[in-house]
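A.B. asks: I would like the atomic coordinates for the input below:
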Amino acid sequence: MPASINQRWAIDDMELISLLSVTDRNLGRLDMYSEYVNIDLFTSMHVAKEATQSSRIEGTQTKMEDVFLNDQDLNPELRNDWLEVHNYITAMNQAMAELEKLPFSSRLIRNAHKSLMKGVRGENKTPGNFRRSQNWIGGATLKDARFVPPPHTEIANLMSDLEKFANDNHNPMPELLKIALIHYQFETIHPFLDGNGRVGRLMIALYLVSEGILKAPVLYLSDFFEKHRQLYYDNLMRVRTHNEIDQWFKFFLTGVNETAKKGISTFDGILQLQKTIDEKLKKFGSRASDAQKVIHQLYKKPVTNVNEISGITGKTNVSAYKLISDLEKVGILQEMTGSQRYRMYAFRTYLNLFE
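C.D. replies: Sure, this is the predicted structure:
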């Protein structure tokens, strides 16, 4: 049984305070890009990357470029993994929209869970509802489980406590430490029969946006958690067994700090890529306007085909193929299927910035 977190917290570890200060600065630098770039144009890529990495922790094998394929263009063997990733994107987008009228709350979390589990593994495990039976992590039975969350009869009180803490303005606490504690508590409560890891990671970006720390959901920790998976699990467990909350805070802040710096590097790369492409398009002559329309769309969806390009430009497929050929010659598009028919093209240099 985890202790209540809706209480006054005191932080006296100077190493932790120093790390918090550095992390806050880098997160602020990342958020500043919202002023310099069309942030909405690139948010879909950040969400797609998070969905891919968060689902990978659960065992899926979907690659970034696969996320942007249409259902009919997908290898049937990859469809289930692809659907889990798309559900994550849907859950994130819906939750971000709901933040405009809902606070960070159990209702918001349950709605996200319902979208996350639709039509995938775990869809029969009461999506959108807290569990009404015991679950466990690791092991075949409760007897050999690595971790046993609290009984289902305690979930309502524990989640109510978490919700009050998230919205408590009377006991101030640095927001990054607050979401670190919320994430720990949620994963310890494990309120759903399935999908707790993905929902818990999704909540981090939701909270940062809900509190105005970020203007758009462009910071996600799943990549960091995936690369340090065992350390992530170990640090969570050490809080449960040895009350080492400061060590969990340091691990979490390190993840935010490293991820923010990578995000800054990605946006710098995007700005440089835009300059490079603008130079290349000067040689396109009369087709420069159509090329610009296509590239604008590629920043949102960096995988395309001739039919999509024809639709974007309003030109025939023959004209679209000529434009594709021009974009291939200057290295903007790259054919990714190796087939003669139903070819797909990737905006590879852009995708590489996120991988």
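A.B. asks: quick one, strands of the protein?
C.D. replies: Listed in chain order, the strands of the chain (DSSP state E) span 303-304, 334-335, 345-346.
A.B. asks: so can I have CSV of those showing mean pLDDT, mean neighbour count and distance to Glu211?
C.D. replies: Where you see a C-beta, it was placed from the backbone N, CA and C, and this is true even at glycine. Shown next, in CSV, are the strands of the chain (pLDDT from 0 to 100; neighbours: other Cβ atoms under 10 Å; distance: least, Cβ to Cβ, whole Å):
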stretch, mean pLDDT, mean neighbour count, distance to Glu211
strand 303-304, 94, 22, 34
strand 334-335, 94, 14, 40
strand 345-346, 95, 22, 36
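A.B. asks: For those strands, give me JSON lines that also has distance to Glu58.
C.D. replies: What follows is these, written out as JSON lines (distance: least, Cβ to Cβ, whole Å):
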{"stretch": "strand 303-304", "distance to Glu58": "23"}
{"stretch": "strand 334-335", "distance to Glu58": "30"}
{"stretch": "strand 345-346", "distance to Glu58": "25"}
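A.B. asks: Poorly predicted segments of the stretch 251-355 of the chain, please.
C.D. replies: Scanning the stretch 251-355 of the chain for pLDDT under 70 picks out the ranges 340.
A.B. asks: same thing but at 80, please
C.D. replies: 338-341, 355 (pLDDT under 80).
A.B. asks: Just give me the residue closest to the centre of the protein.
C.D. replies: When Cα atoms, centre = their mean is applied to the chain, the residue found nearest the centroid is Glu50 (2.7 Å).
A.B. asks: circling back: with respect to Ser54, which of the strands of the chain lies nearest?
C.D. replies: Counting by Cβ to Cβ, Ser54 lies closest to strand 303-304 out of the strands of the chain; the figure is 20.2 Å.
A.B. asks: which residues of the stretch 101-250 of the chain fall in helices?
C.D. replies: Per DSSP state H, counting those that start in this stretch, the stretch 101-250 of the chain carries helices over the ranges 106-116, 155-166, 175-189, 196-210, 222-227, 229-242, 245-281.
A.B. asks: Mean neighbour count for the ones you listed - can I get that in a markdown table?
C.D. replies: Converted to a markdown table, these look like this (neighbours: other Cβ atoms under 10 Å):
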| stretch | mean neighbour count |
| --- | --- |
| helix 106-116 | 20 |
| helix 155-166 | 18 |
| helix 175-189 | 22 |
| helix 196-210 | 23 |
| helix 222-227 | 20 |
| helix 229-242 | 15 |
| helix 245-281 | 18 |
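A.B. asks: Nearest approach to Phe130 belongs to which of those helices?
C.D. replies: Once the helices of the stretch 101-250 of the chain are compared by Cβ to Cβ, helix 155-166 is nearest, at 4.9 Å.
A.B. asks: Give me the contact list for that closest one.
C.D. replies: Here helix 155-166 makes contact (Cβ atoms under 8 Å, 6 or more residues apart in numbering) with 2, 4-6, 104-106, 109, 130-131, 150, 178, 181-182, 185-186, 189, 191, 207.
A.B. asks: could you redo the last one with a cut-off of 10 Å?
C.D. replies: For helix 155-166, contacts defined as Cβ atoms under 10 Å, 6 or more residues apart in numbering pick out 1-7, 9, 103-110, 130-132, 149-150, 171, 173, 178-179, 181-182, 185-186, 188-192, 203, 207, 210-211.
A.B. asks: got a list of what Asn6 touches?
C.D. replies: If you count contacts by Cβ under 10 Å, 6+ apart, then Asn6 has Ser160, Asp161, Leu162, Glu163, Lys164, Phe165, Ala166, Asn167, Asp168, Asn171, Gln185 around it.
A.B. asks: could you measure the second one against Thr43, distance?
C.D. replies: Yep, that's Asp161 we're talking about. Look at Asp161 and Thr43: by Cβ to Cβ, to the nearest Å, they are 32 Å apart.
A.B. asks: nearest residue to the residue nearest to the centre of the chain other than its sequence neighbours?
C.D. replies: Nearest residue to Glu50, sequence neighbours excluded (Cβ to Cβ, 6 or more residues apart in numbering): Tyr220, at 3.5 Å.
A.B. asks: about what we covered before: present the contacts of Asn6 as CSV; the columns should include distance to Lys215 and pLDDT.
C.D. replies: Below are these laid out as CSV (distance: Cβ to Cβ, whole Å; pLDDT from 0 to 100):
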residue, distance to Lys215, pLDDT
Ser160, 30, 97
Asp161, 29, 97
Leu162, 25, 97
Glu163, 24, 97
Lys164, 26, 96
Phe165, 24, 97
Ala166, 19, 96
Asn167, 20, 95
Asp168, 23, 92
Asn171, 26, 85
Gln185, 26, 98
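A.B. asks: Redo those residues as TSV? Include distance to Phe224.
C.D. replies: What follows is the contacts of Asn6, written out as TSV (distance: Cβ to Cβ, whole Å):
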residue	distance to Phe224
Ser160	30
Asp161	27
Leu162	23
Glu163	26
Lys164	28
Phe165	24
Ala166	22
Asn167	27
Asp168	27
Asn171	28
Gln185	19
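A.B. asks: any idea which of those is closest to Ile295?
C.D. replies: Nearest member of those to Ile295, counting by Cβ to Cβ, is Ala166, at 40.1 Å.
A.B. asks: surely the residue nearest to Glu50 meets Met45?
C.D. replies: No: the criterion here is Cβ atoms under 10 Å, and Tyr220 misses it with Met45 at 11.0 Å.
A.B. asks: Low-confidence stretches in the stretch 101-250 of the chain?
C.D. replies: In the stretch 101-250 of the chain (pLDDT under 80), the answer is 121-123.
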